[in-house]
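Next one to model:
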Amino acid sequence: MAKLRIAGIVPESVVDGPGIRYTVFTQGCRHNCKGCQNPQTHDFNGGYFVDTDDLFSEMTENPLIKGLTFSGGDPFEQPAPLAELAEKAHAAGKDIMTYTGYSFEQLLDKAKSDPATDALLHQTDILIDGPFILEQLNLELKFRGSDNQRVIDVPRSLAERKAITFEFE
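Next up, the predicted model:
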């Protein structure tokens with residue numbers, strides 16, 4: 001059981017990754033991207049606390065859920081409880097997609113001294129990295145908002161220690 005500060009959840013989302021997903025919007029973000037879709041998630045004192053076991057229970061009640069998506073805010077501002085939740089979701093056969101304003105390379109660097117960041121990175125299957133850049137807005141991109149954001153195959157990238165992009169079908 002871990003406490004997590006969130007802005008909210010979407011129990012059945014089709015826009016936050018492939019298939020029907022249980023999406024958790026974390027609270028707290030340092031990036032403050034101009035044109036952010038979720039500016040209400042930036043305040044680290046906003047939102048409310050939930051128990052990750054409760055989120056897991058709710059997610060697994062729905063047999064149609066393919067995976068779990070962490071959005072925000074920035075999930076890597078609270079990596080420990082999310083890593084714990086992701087591990088349980090993996091054990092239940094769900095995949096994990098995480099959005100972050102940090103680059104994969106920044107997260108690798110941070111993971112060297114932060115075990116929680118390392119844990120969440122290792123529990124993530126697909127990472128959408130990089131800040132949203134309004135001047136690079138592209139409405140034709142699948143599951144992301146601006147051209148600079150990458151879709152990264154995290155297990156392959158961790159094995160090769162460099163960002164390996166992933167293409168959605």
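
Which parts of this protein are strands?
Using DSSP state E, the strands found in the chain span residues 3-13, 21-26, 48-51, 67-71, 95-99, 126-129, 150-153.

tell me, what residue is most central in this protein?
residue 98 (2.1 Å; CA atoms, centre = their mean).

helices and strands around the longest helix belonging to the chain, which ones?
Criterion DSSP state H: the longest helix present in the chain is helix 79-91. In terms of contacts (3 or more CB pairs under 8 Å, 6 or more residues apart in numbering; DSSP states H and E), helix 79-91 is packed against strand 3-13, strand 21-26, helix 52-60, strand 67-71, strand 95-99, helix 115-123. Backbone N, C-alpha and C define where each C-beta goes, glycine included.

and among the ones you listed, the most buried is which?
Stretch with highest mean neighbour count among those: strand 67-71 (a mean of 27; mean count of other CB atoms under 10 Å).

CA atoms only for that strand, dumped as PDB, please.
The C-alpha trace of strand 67-71 is given here as PDB (Å, rounded to 0.1, in the frame of the first residue of the first chain):
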ATOM      1  CA  GLY A  67      -3.100  -1.500 -19.700                       C
ATOM      2  CA  LEU A  68      -2.300   1.200 -17.200                       C
ATOM      3  CA  THR A  69      -1.300   4.700 -18.200                       C
ATOM      4  CA  PHE A  70       0.500   7.200 -16.000                       C
ATOM      5  CA  SER A  71       0.000  10.800 -17.100                       C
END
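
so what secondary structure elements neighbour it?
For strand 67-71, the packing partners by 3+ CB pairs under 8 Å, 6+ apart come out as strand 21-26, helix 79-91, strand 95-99.

Relative to residue 65, which of those is closest?
Nearest to residue 65 among these is strand 21-26; the distance by CB to CB comes to 5.1 Å.

tell me how far that closest one is from the chain's mean position?
8 Å (CA atoms, centre = their mean, to the nearest Å).
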